[in-house]
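**Student:** what follows is a protein structure lacking sequence information:
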């Protein structure tokens, strides 16, 4: 019997959302989880001074960029903070937040967006490439060039073919005077490391790196500071029981069927796939073997996390989702970030069952 035939739960596999260019543009704002992120709500780890230093630097940049009227006003306040980068003109470059997953880079980037006045956009790397696909390169540049600030979360180059596109886009925006800010788990001159080694690719990466002042944020994953591990998987019966309670936003899917369904949708549609979803039950979660399927699921987990959707999962625990051979490859940091986020979501899902 299929999920739909059980009659008490919605299923994501029955959805095929369409996403318009207007929606892509309209959603270039911080996701719901970070809608209220501010510098004063960021809680740095007292043992990691780089976290409070990064917060203070970005807060100063927000003030400087907000005060700027197009004539370069407001630069002096951040010049001293950035002098350690070794570039007298570093305040004119973008800010690149580098560090492990769970140190608060997205919170800080969203705070920068919220506290910088003027026209601005915020999106993940994949959302910007999707925008280029929907609008075309020229119109995308024309739209983004009208912004004071462009924030790029989860900056990563998974395909050498993206490098020319991104390098040209950022060059055009920088030439137009747009301020750039990005986050990644990888230093800008090491993007693609362990996956691509073509000379043309490496030249493009060096060009991208020159456009940013890298700010390193140290620390452990805040989601696991208490030493907590992935919760034990739930039973199918527990998931069915919760899904059967009153509430139209409770969705349930067979894990394998959902993984297959994701392969039929462009990742730009994953956010729309979750419209109206209050919780998601995943039956029979098991380790993903195929790398393409694994990378798609990483994007899907990011969209779940953005929307704070609790996940009720049976099968294996969240920290066993990706096989060791995948975790040992060039996408290791992506997978570990997804595991960290999924652990957080499955904890929230398990709590729902306990609450009844």
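**Tutor:** Arrived safely. Model, not experiment: these values are computed from the prediction. Numbers count the residues shown, from 1 in each chain.

**Student:** what helices and strands are in contact with whichever strand or helix holds residue 171?
**Tutor:** According to DSSP states H and E, residue 171 maps onto helix 161-175. With contacts taken as 3 or more Cβ pairs under 8 Å, 6 or more residues apart in numbering; DSSP states H and E, helix 161-175 sits against helix 125-135, helix 137-144, strand 179-184, helix 199-209. Where you see a C-beta, it was placed from the backbone N, CA and C, and this is true even at glycine.

**Student:** can you tell me which of those the model trusts least?
**Tutor:** Here the lowest mean pLDDT among these goes to helix 199-209, at a mean of 58.

**Student:** tell me the helix or strand right after that helix.
**Tutor:** Downstream of helix 199-209, the next assigned helix or strand under DSSP H and E is strand 212-217.

**Student:** partner strands of that following strand, with direction?
**Tutor:** strand 94-99 (parallel) (DSSP bridges).

**Student:** following the partner strand, which helix or strand shows up next?
**Tutor:** Downstream of strand 94-99, the first helix or strand assigned by DSSP H and E is helix 105-115.

**Student:** sorry, back to before: out of the helices and strands packed on helix 161-175, nearest to residue 244?
**Tutor:** Between residue 244 and those, the tightest spacing by Cβ to Cβ is seen for helix 125-135, at 34.9 Å.

**Student:** can you list contacts of that closest one?
**Tutor:** 20-21, 24-25, 27-28, 123, 140, 143, 152-156, 162, 165-166, 169, 266-268, 299 (Cβ atoms under 8 Å, 6 or more residues apart in numbering).

**Student:** tell me how many other residues surround residue 101.
**Tutor:** 20 (other Cβ atoms under 10 Å).

**Student:** quickly find the element holding the closest residue to it other than its chain neighbours.
**Tutor:** The shortest distance from residue 101 to any non-neighbouring residue, by Cβ to Cβ, 6 or more residues apart in numbering, is to residue 337 (3.7 Å). Assessed by DSSP H and E, residue 337 sits inside helix 332-355.

**Student:** for that helix, which positions count as buried?
**Tutor:** For helix 332-355, the neighbour count (16 or more other Cβ atoms under 10 Å) marks 333-350, 352-353 as buried.

**Student:** for the stretch 51-200 of the chain, which spans come out with low pLDDT?
**Tutor:** Along the stretch 51-200 of the chain, segments meeting pLDDT under 70 span 69-92, 157-161, 163, 185-200.

**Student:** at 50 instead, please
**Tutor:** Filtered on pLDDT under 50, the stretch 51-200 of the chain yields the residue ranges 69-90, 188, 192, 194-198, 200.

**Student:** do the stretch 201-350 of the chain as well
**Tutor:** 201-202.

**Student:** which stretches in it count as strands?
**Tutor:** For the stretch 201-350 of the chain, the strands defined by DSSP state E, counting those that start in this stretch cover 212-217, 250-254, 279-285, 311-315.

**Student:** returning to that earlier point: chain center to the helix holding residue 337: distance?
**Tutor:** Distance, stretch centre to chain centre, for helix 332-355: 15 Å (Cα atoms, centre = their mean, to the nearest Å).
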